[in-house]
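Asks: quick one: sequence plus predicted model below, questions after.
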Amino acid sequence: MSNRRKFIKSSAAGLALLAAKPAAATALLPAPNVRNKQLAIATWDDGIPANQEAWKILSKGGKALDAVEAGVMVTEASQNCCVGLGGNPDRDGIVTLDACIMDHQFNCGSVAALERIKHPIRVARAVMEKTPHVMLVGEGAQQFAVAQGFPLEPQQLSPDAEKAYQEWLKKSEYKPVVNIENSGNKKNKVGPVGGPQNHDTISLLALDAQGNLSGSCTTSGMGFKMRGRVGDSPIIGAGLYVDNEVGAAAATGQGEDVIRMVGSHTVVEFMRQGMSPKAACKAAVERVAKIKGAQARDIQVAFIAVNNQGQTGAYALQKGFSYAVCDATNQQQLLTSEYLLK
């Protein structure tokens, strides 16, 4: 069962972007994982409380997998307009949730278009540990969740999401707003023209005392999206990727553009070639900008990363991306990412 759940590692030699002689690539691989250098790194301002919860586990020698699950559950339960059942709905007025989780042994689980379940990250972990599959979606994901004992929550919008949805219905225009998380309007994340935020995600990566990495990602998806739309967040390799020999990466921003270049896996492969986490994130952002061309200014995409030596980094397409880092030296730090488009 375990082997069937494991995600197949992709060869760096198979990526034209990262073409290099095998011997050279091997020489650049990081040294074996460090121990007793626990840390957590998460996206956006909400990464602070998520990291704090993760740190409760990491500081006691707990597993990175448990930490990344517990951390994002705080955000899922916060009833904001970005993550969890408090998130903005699709254009039919229904909240659908996506999440994925991955450990240091390539085990991974994912759910997409999940309705009425408070903690999709817990369901994603159950998919990983209790099924032969990686991803369950829609009605099937909900059936599985209920069978595992997760209660169905009421089908109703949070007050903030209801307000945002009613505002959006006035024009029904789909115009994502860049960096709405940092707009200062934290209670009602809706743009000045009634458009939704273009990134509704929290991603969290952790390194534990045993030198093992894990990651999680959870979202309510783009506000007022088409019914059935799924972004990068629950897709292993796009929204999240973990390779214990190298590092881990996660994405936030416009999911379609992260999917197009398999963003998080690309960041990890850049680190495999010897890049620092920050440089790897920057190189991936540059790939997004090249693909999008002039349209790059209409979106935001950002990555966070950690290598197996405990070095962290981030980089964004546009100004305004924040991320949080928590470790034993500086137990909580909110940082502003460097960005490409000036």
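Replies: Great, that's in hand.
Asks: tell me where this protein is predicted with low confidence.
Replies: Scanning the chain for pLDDT under 70 picks out 1-31, 79-82, 174-200.
Asks: for it, what's the longest helix?
Replies: helix 277-292 (DSSP state H).
Asks: do I have it right that residue 129 meets residue 108?
Replies: No - at 10.5 Å, residue 129 does not count as touching residue 108 under the criterion of CB atoms under 8 Å. In short, each C-beta sits where N, CA and C put it, glycine included.
Asks: of the two, who's got more company?
Replies: Just comparing residue 129 and residue 108: by other CB atoms under 10 Å the higher neighbour count belongs to residue 108, 25 against 15.
Asks: that one contacts residue 125, correct?
Replies: No - Residue 108 sits out of contact with residue 125 when judged by CB under 8 Å, with a separation of 9.6 Å.
Asks: where do the contact lists of the two overlap?
Replies: residue 101 (CB atoms under 8 Å, 6 or more residues apart in numbering).
Asks: same for the strand or helix carrying residue 205, what does it pack against?
Replies: Residue 205 belongs to strand 201-207 when assigned by DSSP states H and E. Using 3 or more CB pairs under 8 Å, 6 or more residues apart in numbering; DSSP states H and E, the elements in contact with strand 201-207 are strand 39-43, helix 47-58, helix 64-76, strand 213-219, strand 247-253, strand 301-307.
Asks: ok, now with 6 Å
Replies: Contacts defined by 3 or more CB pairs under 6 Å, 6 or more residues apart in numbering; DSSP states H and E place strand 201-207 against strand 39-43, helix 47-58, helix 64-76, strand 213-219, strand 247-253.
Asks: contacts for that strand?
Replies: 39-43, 46, 50, 54, 64, 67-68, 71-72, 75, 83, 213-217, 219, 233, 248, 250, 252, 306, 310 (CB atoms under 6 Å, 6 or more residues apart in numbering).
Asks: please list only the buried members of these.
Replies: 39-43, 46, 50, 54, 64, 67-68, 71-72, 75, 83, 213-217, 219, 233, 248, 250, 252, 306, 310 (16 or more other CB atoms under 10 Å).
Asks: all strands for the stretch 51-200 of the chain, in order.
Replies: Per DSSP state E, counting those that start in this stretch, the stretch 51-200 of the chain carries strands over the ranges 97-102, 108-114, 135-137.
Asks: just name the most buried of those strands.
Replies: Sort these by mean neighbour count, taking mean count of other CB atoms under 10 Å, and strand 97-102 sits at the top with a mean of 32.
Asks: list the strands paired with that one, with their directions.
Replies: Each strand paired with strand 97-102, and its direction, by DSSP bridges: strand 108-114 (antiparallel), strand 213-219 (antiparallel).
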